[in-house]
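*Asks:* fold the stuff below for me.
(4 chains)
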There are 4 protein chains.
Amino acid sequence: MNKLFDRGQVEQHNAALSADINADFEALGGMLARRGQDIEKLTALAQTFAVALPSWGVGTGGTRFARFPGKGEPRNVFEKLDDCAVIHRLTGVTPAVSLHFPWDKPTDANELREYAAKLGLGFDSVNSNTFQDQAGQAHTYKYGSLTAQDAAARAQAVAHNIECIEIGKALGSKGLTVWVGDGSNFPGQQNLRGALERYLDSMRGIYAALPEDWLMYIEHKLFEPAFYATTIADWGTSFACATELGPKAKCLVDLGHHAPNTNIEMIVARLAQFGKLGGFHFNDSKYGDDDLDSGSINPFQLFLIFNELADASGRDAAFKPSYMLDQSHNVTDPIESLMNSAVEVQRAFVQSALVDRATLAHYQGQNDALQAAQALKHAFRTDVSPILAMARLRSGAAADPVACYRASGYRMAQAELRPARAGASSSGIV
Amino acid sequence: MNKLFDRGQVEQHNAALSADINADFEALGGMLARRGQDIEKLTALAQTFAVALPSWGVGTGGTRFARFPGKGEPRNVFEKLDDCAVIHRLTGVTPAVSLHFPWDKPTDANELREYAAKLGLGFDSVNSNTFQDQAGQAHTYKYGSLTAQDAAARAQAVAHNIECIEIGKALGSKGLTVWVGDGSNFPGQQNLRGALERYLDSMRGIYAALPEDWLMYIEHKLFEPAFYATTIADWGTSFACATELGPKAKCLVDLGHHAPNTNIEMIVARLAQFGKLGGFHFNDSKYGDDDLDSGSINPFQLFLIFNELADASGRDAAFKPSYMLDQSHNVTDPIESLMNSAVEVQRAFVQSALVDRATLAHYQGQNDALQAAQALKHAFRTDVSPILAMARLRSGAAADPVACYRASGYRMAQAELRPARAGASSSGIV
Amino acid sequence: MNKLFDRGQVEQHNAALSADINADFEALGGMLARRGQDIEKLTALAQTFAVALPSWGVGTGGTRFARFPGKGEPRNVFEKLDDCAVIHRLTGVTPAVSLHFPWDKPTDANELREYAAKLGLGFDSVNSNTFQDQAGQAHTYKYGSLTAQDAAARAQAVAHNIECIEIGKALGSKGLTVWVGDGSNFPGQQNLRGALERYLDSMRGIYAALPEDWLMYIEHKLFEPAFYATTIADWGTSFACATELGPKAKCLVDLGHHAPNTNIEMIVARLAQFGKLGGFHFNDSKYGDDDLDSGSINPFQLFLIFNELADASGRDAAFKPSYMLDQSHNVTDPIESLMNSAVEVQRAFVQSALVDRATLAHYQGQNDALQAAQALKHAFRTDVSPILAMARLRSGAAADPVACYRASGYRMAQAELRPARAGASSSGIV
Amino acid sequence: MNKLFDRGQVEQHNAALSADINADFEALGGMLARRGQDIEKLTALAQTFAVALPSWGVGTGGTRFARFPGKGEPRNVFEKLDDCAVIHRLTGVTPAVSLHFPWDKPTDANELREYAAKLGLGFDSVNSNTFQDQAGQAHTYKYGSLTAQDAAARAQAVAHNIECIEIGKALGSKGLTVWVGDGSNFPGQQNLRGALERYLDSMRGIYAALPEDWLMYIEHKLFEPAFYATTIADWGTSFACATELGPKAKCLVDLGHHAPNTNIEMIVARLAQFGKLGGFHFNDSKYGDDDLDSGSINPFQLFLIFNELADASGRDAAFKPSYMLDQSHNVTDPIESLMNSAVEVQRAFVQSALVDRATLAHYQGQNDALQAAQALKHAFRTDVSPILAMARLRSGAAADPVACYRASGYRMAQAELRPARAGASSSGIV
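*Replies:* Below you'll find the model as predicted:
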């Protein structure tokens, strides 16, 4: 991979675009200066941004109906890291990868850690998987994992999570994300309260194994794979459980895991206020957990979420939730989608920094709803693309990541190196 | 009113129907006996049921587009009580009325209490109103009440709630229900966290004025009248606030106040588990806060809610949430709708008692989703109408409340006694 | 199979239950007689009911996250028919099976037809599959089938549908159901109008191959597998297309394929009014295309749909839409779920016959919303289980299909005869 | 009004801002030129844009719970026109007003037409009102208007619509918009098909009175004021009715009248394809028919709608749907909200013109979903504010309409000229 994206190749790409980028940057700089904003400060801020990549995101996704594989999909965790390294090389904003076990379980954690380090990558929080049965598994999760009626299945799920922590420690992770699909498809199938009691009991066992400097992220989701009742269905349940478990337990917000019409930025504000906002799985959706590219459906919503994060940061400089992409790329090259998506999230971050918070607070104090709203819209409307491009130039990443990637021939090269296997899903999730 | 519904009139009505009811009761009793159920026990249980009436429910409701008044609408709190007494007289399950201030504010609370007592009625929790401006009010609630930026508006709203408590004490109420429409119509209009901080600060002031044996019910609602963000929008926020405030603060569940597709019975289970389920506003809905008649759109959902209540009661005999109807009757005679609705809620209560909880738990323990589901469906499918009719006969209420009411000519008599006033809404809410 | 469910075995089961069923039937008959209803007429009507089975429904379903296979799943179309025959033997209401190609493609259609006939089964409409790529397929459907940009992919999809018609003709089917997942995941991915123009062009080609006495069913669905825009997303598009194509094209309503809050019974009424209601895929859902058991989530909605069908039948005796179950059984034995679901649909059919349409029309004419609503609720509340059981007894089916099936040991026997294959999905859909 | 906004006042405002606007315009022009776009062409296009104002929008709106009036609300149709003229004077894009009868019914239509002409205003389509009862009205609409069971009520509603046409002819309107709230709150209340048959019968009577050069716009809405079933609930019903009625009947799309998760731009594409797209009521919403300011909640959706309109225009130069704002301004000055909203719709129009349709079609043809999506996002991300400001400067409107309006003191002046009336709603709708 290094050969494909050596400094020279990216520099050549950047050189060809830098004149236009400089001109656009200067033009935007002037426009911002006339509004009292400093483009250099914003560019420096943009360079501080980072969002983690999901190891499972570099394979082609699918639905319960079908998966249409792409070419050159990674076949193991090392190849997944290779792809992630391309993304980071070209965008400069994705320095860490989030692994999923047992899919990514290494034979030798040190070897994996060193491999990643050479690629310039670290490891974000690790993810457990108790929503599938693995070959040879003693107890099925068909009827639940952390909530199962069967005590042996619960114990197995707890043990798996603790094993994830152990691997994560060896890799340098600092967090465990727990998402379970547990729930029911029929009214009456489960005692709703009993299921949550078992969940809390199981989670206490996992929490006890958490190192002092780790956090545990509880991820809720309204539905799928359970279609009548999901045990951790909403932020209220997530919050109540995180409160029960203790200070190392936090809530994770996935943008596609809410009921229709839900005001997600308000949930962000609530969790921040009550000290339980742990982090995000970024993506976009129109109907359910669609796992579409971040910012592709409702970019203003993404901005409003970052507006809440900017508000929270302004109140507490130590506030630092975890950011990760979590998407399913069914019809695009996953590397391209992840690059664009990382930039979209960075875009919302920079736009939120454009909000003049003193002015906003002034209008809010005057009940001037119209101008308060415009204070946000003004920031959102600003096309910060030149800032993002300049931040990449200055960080040594690519001016236009997708163009540079396409020019490189990386995917075609991988298609030869990684021949397709019949019926195989690289991610584990179709 | 007493003249209209004296014992003789109802007895005559019941006499005409009792043969059929007895025959149906016997037939159902046999069917239940073959399933190991005792109809007498269920009938006795049915007679214990009660649900409160909303004083504002006896007037014709409307929408923001129009209100089409009915005939003989009550013009003051005494006439509202008269109508409520009719409902209780004929159904036997609505012994208490929930008042709303300032709409129902009495000149003399003792007089009102005595008037109600003569009608056989008591008072349920009282309701404050800070979602409208009253004539002569010093500070507007246009931009919020308990959350207003304006400290004077907040103080006024707190004082009004405390006044509601004072009136309630004089009337014998034991609870205060607080619903505020506070929120915003534009992203940016309010600082979402600041608004909730002000809410909590205001609520602490009200909480401090609450008598020891009172409860405070926090009512959440997804939207309307605020259309972008509502401060108390979901059960998570309600729960977090009730937790902050203390043990006398509980959450109130209105069936129409949730996002589309929300599993309401699960919210009921969660609040019960965490000790914060205060009570219900019963109604039904298809789209939003439609305030339709209870059980008219999704009767199985109502049953599933009572199934959770039965589960909670089985775990804690002291568990006793508050039940109230809260509906808007736009196209029916409100008395008729309230009678039918009270009976529908009672129906779900009796059906939930038909669930064999040991059998259900057995199937759940076996992961036998199909039979567990059937255990609920079996209870729900049972037509308990003969039990409800017999319970009314035995309680001295009417076998068929609507038929008895129509035969009485009560509405026509009121239409003469209470001539319509142009443009007036009897409830305050259109 | 015949050995497992020979007449003797079912008769023995029925004999054990017949006393109770007779007693319940007599009790209900008395209750109905007191309301002027004739239980014998209703029972005879119940015996006329039929709903088709989906061949893919007898395998265990799953989600994009996982599939947890059950024991003894059928491995080919003959074994699927065996299971369907069990369902029909025990319920008496599922005489036809709907096949899906290429999953169920027979080597010899005559052999398959004879096999089915021996089992007492016929064939309902056939289903094409252009939402998956099959091994060795020349052109991918990754970017669409009937709407694909690639003319060769479109031609391939059209040819496949025509082949389905050919097989169907050999089997005795009289309809083709066309569901395509075609759509897009990104705004801009497709020209929305261009995609529908290509769809119509493709469908005209298929329509031209339709025999005179066949119907073509257009099935719409809001989302999944496409997550931004689905070409045939709603009944409006389905209706417009069916109108464009001609009189043999009709619309098919799947209960889980609508936007949240949609009034499905109204869609049924609209399509019936405009002559385009072709048939149904029955199931239930709470969130999306959950494919849960019919009547398990919102039984009143199922009743209201049959109420519209009863209304349409009353207007036109020739009105006869097609009925089929289409469900995904992820946590239950598919045979059990299909038996219960067939009975639930039959239940709604019988309940809708209980509606006194003259009385209903009278109340509607009087704008007596309350009593009109009660006319429906009265019918829905009636527990017609004794009628359904008696209809089964009289048809020679099982009094309690699930109990009889469980007692038979059929599933355990199949588990031995049909050993599990690693990773295989019996249905093709996980 | 002319005194407040004489040429000098606006020119002075513009003069103070023109230097910055010129600089921004030049900067943006350079950026666009580097992308091959001509800012002058876009500016000229922006100047062609127009959207009509709703007469009822200049009063403060409300909800069923309360209306909090603003200062200086117009008290009659002349004052409404005064306010509309301010909006047009400052934005340059709202040359026509849509009236609502009987609210705006003139004593002398010629006088009103001349009054408007002097203000530089014309009249857009007229609106009938059969969702409220007017004082002295012979037949109530409580149970429906065009669909009422009562033939006299239907005839009255038809006559009212015909009267609206007559007034509209005198005013120079060319269209009639028909929105009815008709529907039901209970299953069973109405025969769903019967109601639509009566609707069609009534509409045929109105259609017959339509001048040759007029269009009739059918407006659908999912719910409210009817909460179970609305007769014209979705675009499918609207389309079927428009088809039944004839070529002068078209469908009107209000952005807040759809089920949750609906893809509105797809409905636009469908109606355009089938020749039935009549026009729009622009606004924004998060939950239901929230009637929020256009572009305030989901600006990307507004852009995507205009992207479809650009596509349709590219296919047929004669394609020209009607544009109108329809919003409820509950917490802002209506004049300010309408000015901002008109500019937001114009913004989406200009952004959609930035889409390079040949490039987009190229990517679509290649199934390059990523770059096709970026072709839209690229256009949407462009901040066209300098183009809009320059278009206003060149049209003689205000550089910053809200700032110019606030500086003028217009509202305060009206507050003195138009004292508040107790309880009065200027719009008729709270």
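
*Asks:* for beta bridges, what are the partners of residue A:281?
*Replies:* On the basis of DSSP bridges, residue A:281 is bridged to residue A:254, residue A:324.

*Asks:* taking the stretch 1-150 of chain A, what residue is nearest to chain D?
*Replies:* Nearest residue of the stretch 1-150 of chain A to chain D (C-beta to the nearest C-beta) works out as residue A:27 at 3.9 Å. (Each C-beta comes from the backbone N, C-alpha and C, glycine too.)

*Asks:* now for that residue: which residues touch it?
*Replies:* Contacts for residue A:27 were tallied using C-beta atoms under 8 Å, 6 or more residues apart in numbering or on different chains; they are A:386, D:27, D:28, D:30, D:31.

*Asks:* could you check the angle the helix or strand encompassing the third one makes with helix A:7-34?
*Replies:* Spelled out, that is residue D:28. Element membership of residue D:28, judged by DSSP states H and E, is helix D:7-34. In terms of direction (axes from the mean of the first three to the mean of the last three C-alpha atoms, to 10 degrees), helix D:7-34 departs from helix A:7-34 by 180 degrees.

*Asks:* quick check: next helix or strand after helix D:7-34?
*Replies:* Following helix D:7-34 in sequence order, the next helix or strand is helix D:39-46 (DSSP H and E).

*Asks:* quick one: buried residues of that following helix?
*Replies:* For helix D:39-46, a neighbour-count test (16 or more other C-beta atoms under 10 Å in any protein chain shown) marks D:39, D:42, D:43, D:46 as buried.

*Asks:* same question for it, mean pLDDT?
*Replies:* Averaging pLDDT along helix D:39-46 gives 98.

*Asks:* so which elements touch that helix?
*Replies:* Counting contacts by 3 or more C-beta pairs under 8 Å, 6 or more residues apart in numbering or on different chains; DSSP states H and E, helix D:39-46 packs against helix D:7-34, helix D:334-353, helix D:385-395.

*Asks:* out of these, deepest packed?
*Replies:* helix D:334-353 (a mean of 25; mean count of other C-beta atoms under 10 Å in any protein chain shown).

*Asks:* how far off helix D:39-46 does that helix point, in degrees?
*Replies:* Relative orientation of helix D:334-353 versus helix D:39-46 (the same axes, to 10 degrees): 130 degrees.

*Asks:* tell me if helix D:334-353 is near chain A.
*Replies:* Yes. With C-beta under 8 Å from any C-beta of the partner chain as the criterion, chain A is reached by helix D:334-353 at D:336, D:337, D:340.

*Asks:* re the thing from before, can you name the two of the buried residues of helix D:39-46 that are farthest apart?
*Replies:* Pairwise distances across the buried residues of helix D:39-46 (C-beta to C-beta) peak at 10.1 Å, for the pair D:39 and D:46.

*Asks:* common neighbours of those two, please.
*Replies:* residue D:387.

*Asks:* up against chain D, what does chain A have?
*Replies:* Counting by C-beta under 8 Å from any C-beta, chain A sits next to chain D at A:20, A:23-24, A:27-28, A:30-31, A:34, A:260-261, A:263, A:286-287, A:293, A:295-301, A:331-333, A:336-337, A:340, A:367, A:369-371, A:373-374, A:377, A:380-383, A:385, A:402.

*Asks:* with adjacent residues omitted, what lies nearest to residue A:45?
*Replies:* residue A:353 (5.5 Å; C-beta to C-beta, 6 or more residues apart in numbering or on different chains).

*Asks:* I'd say that neighbour and residue A:310 touch.
*Replies:* Yes. Contact criterion C-beta atoms under 8 Å: residue A:353 and residue A:310 qualify, at 6.5 Å.

*Asks:* rewinding a little: of the buried residues of helix D:39-46, closest to chain B?
*Replies:* Nearest to chain B among the buried residues of helix D:39-46, with distances taken as C-beta to the nearest C-beta, is residue D:46, at 24.7 Å.

*Asks:* so what's the closest residue to that closest one other than its chain neighbours up against?
*Replies:* The shortest distance from residue D:46 to any non-neighbouring residue, by C-beta to C-beta, 6+ apart, is to residue D:391 (3.9 Å). Residue D:391 makes contact with D:43, D:46, D:47, D:92, D:346, according to C-beta under 8 Å, 6+ apart.

*Asks:* how near is the last one to chain B?
*Replies:* This points to residue D:346. For residue D:346, the distance to chain B (C-beta to the nearest C-beta, to the nearest Å) stands at 19 Å.

*Asks:* output the below-cut-off pLDDT ranges for chain A.
*Replies:* A:1-4, A:422-430 (pLDDT under 70).

*Asks:* report the outermost residue of it with respect to its centre.
*Replies:* residue A:366 (37.1 Å; C-alpha atoms, centre = their mean).

*Asks:* ok, which stretches of the stretch 151-300 of chain A are helices?
*Replies:* Using DSSP state H, counting those that start in this stretch, the helices of the stretch 151-300 of chain A run over residues A:151-171, A:192-208, A:235-245, A:264-273, A:299-315.

*Asks:* now do the longest one: distance to the chain's middle.
*Replies:* Read it as helix A:151-171. 22 Å (C-alpha atoms, centre = their mean, to the nearest Å).

*Asks:* can you confirm whether it lies near chain C?
*Replies:* No. Judged by C-beta under 8 Å from any C-beta, helix A:151-171 stays clear of chain C, getting no closer than 12.0 Å.

*Asks:* pull the contacting residues for the closest residue to residue A:242 other than its chain neighbours.
*Replies:* Distances taken as C-beta to C-beta, 6+ apart put residue A:249 closest to residue A:242, at 4.2 Å, once the chain neighbours are dropped. For residue A:249, the contacting residues are A:203, A:207, A:215, A:216, A:218, A:241, A:242, A:243, A:276, by C-beta under 8 Å, 6+ apart.

*Asks:* between these, which sits nearest residue C:68?
*Replies:* Lowest distance from residue C:68 to the contacts of residue A:249 (C-beta to C-beta) belongs to residue A:203, with 22.7 Å.

*Asks:* who touches the closest one in this structure?
*Replies:* Applying C-beta under 8 Å, 6+ apart, the residues near residue A:203 are A:146, A:178, A:216, A:218, A:241, A:245, A:249.

*Asks:* then residue A:101?
*Replies:* Here residue A:101 is in contact with A:126, A:127, A:128, A:129, A:160, A:163, A:164, A:167 (C-beta under 8 Å, 6+ apart).
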